[in-house]
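Trainee: for reference, the sequence and a predicted model appear below.
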Amino acid sequence: MAERAALLKRAGAGLDTASAALIAALAQQAEQDLTPKALPGPTGESNELRQHARGVFVALAAGAGQRGLSGVVASALLAGNALALLVDEHSRPLAEKLLQALSGAGLDRSLVQVIGHEGQTAWIASAGIAGVCLATPDATLARQVQRQLAERPGAILPLITVFEACSVGQLYRFAAEQTLTINTAAAGGNAALLAGGH
């Protein structure tokens, strides 16, 4: 996590001031929110909350600006995901600039694929995706994508708006939670719980 956060901060330095500040804020928050945390173990067990990548996100970036694009890409990558970035002629140069900054900072280029937006419906229907994020504040597009996601068989996938992707408090939306519990009560924890005593 810390390595990817540092990489994104380096990449942000090559972008405009607003995008660089957003990426730095997201990276700083990710180091706090997406690292393993010890949880209380009231019966003697140890508990740890972990966040891990969901998989491949589809980012709909047709008409996106640099800040929205930077927020979506940074949030997905900070959580450990890969990204299929669907762009149009307006957003392609911005996406390429962002990718140059990321690869210059050391990111593996295979983690973000820039693709034409014409295949949007097929990508959303693809069984291999973990979620969809929007890099533009298009409410009509959001409703259309919500319908497409609702019609998919299987698990309900998240739809993350550009506002959520650019908000430091929403990074968890790009990650999957896992709790690791190790029961130590039988091996020296609170034996009174085993005996039925209080």
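Mentor: It's in. Numbering: from 1, shown residues only.

Trainee: which helix runs longest in this structure?
Mentor: The single longest helix within the chain, with elements called by DSSP state H, is helix 17-33.

Trainee: now do it: distance to the chain's middle.
Mentor: 13 Å (Cα atoms, centre = their mean, to the nearest Å).

Trainee: could you say what helices and strands the next helix or strand along the chain from it packs with?
Mentor: Remark: after helix 17-33, the chain's next helix or strand is strand 37-39, criterion DSSP states H and E. The helices and strands touching strand 37-39, judged by 3 or more Cβ pairs under 8 Å, 6 or more residues apart in numbering; DSSP states H and E, are strand 46-53. The C-beta positions use only the backbone N, C-alpha and C, and glycine is treated the same way.

Trainee: put the alpha carbons of the helix or strand hosting Val73 into CSV.
Mentor: Assigned by DSSP H and E, Val73 belongs to helix 66-78. The C-alpha trace of helix 66-78 is given here as CSV (Å, rounded to 0.1, in the frame of the first residue of the first chain):
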residue,chain,number,x,y,z
GLN,A,66,-8.1,15.9,-15.7
ARG,A,67,-9.1,16.1,-12.1
GLY,A,68,-12.0,13.6,-12.3
LEU,A,69,-9.8,11.3,-14.4
SER,A,70,-7.0,11.6,-11.9
GLY,A,71,-9.3,10.9,-8.9
VAL,A,72,-10.9,7.8,-10.4
VAL,A,73,-7.6,6.3,-11.5
ALA,A,74,-5.8,7.1,-8.3
SER,A,75,-8.6,5.7,-6.1
ALA,A,76,-8.8,2.4,-8.0
LEU,A,77,-5.1,2.0,-8.1
LEU,A,78,-4.6,2.8,-4.4
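
Trainee: what's it packed up against?
Mentor: helix 2-12, helix 17-33, strand 56-60, strand 82-87, helix 92-104, strand 129-134, helix 162-165.

Trainee: distance check, the residue nearest to Ile160 when sequence neighbours are not counted against Val73.
Mentor: The shortest distance from Ile160 to any non-neighbouring residue, by Cβ to Cβ, 6 or more residues apart in numbering, is to Cys133 (4.1 Å). The gap separating Cys133 from Val73 is 9 Å, by Cβ to Cβ, to the nearest Å.

Trainee: tell me, what's touching those two both at once?
Mentor: Ala59 (Cβ atoms under 8 Å, 6 or more residues apart in numbering).

Trainee: just checking, what packs against the longest helix of the chain?
Mentor: Counting by 3+ Cβ pairs under 8 Å, 6+ apart, helix 17-33 packs on helix 2-12, helix 66-78.

Trainee: repeat that with 10 Å
Mentor: helix 2-12, helix 66-78, helix 92-104 (3 or more Cβ pairs under 10 Å, 6 or more residues apart in numbering; DSSP states H and E).

Trainee: taking helix 92-104 as reference, get the angle to that helix.
Mentor: 50 degrees (axes from the mean of the first three to the mean of the last three Cα atoms, to 10 degrees).
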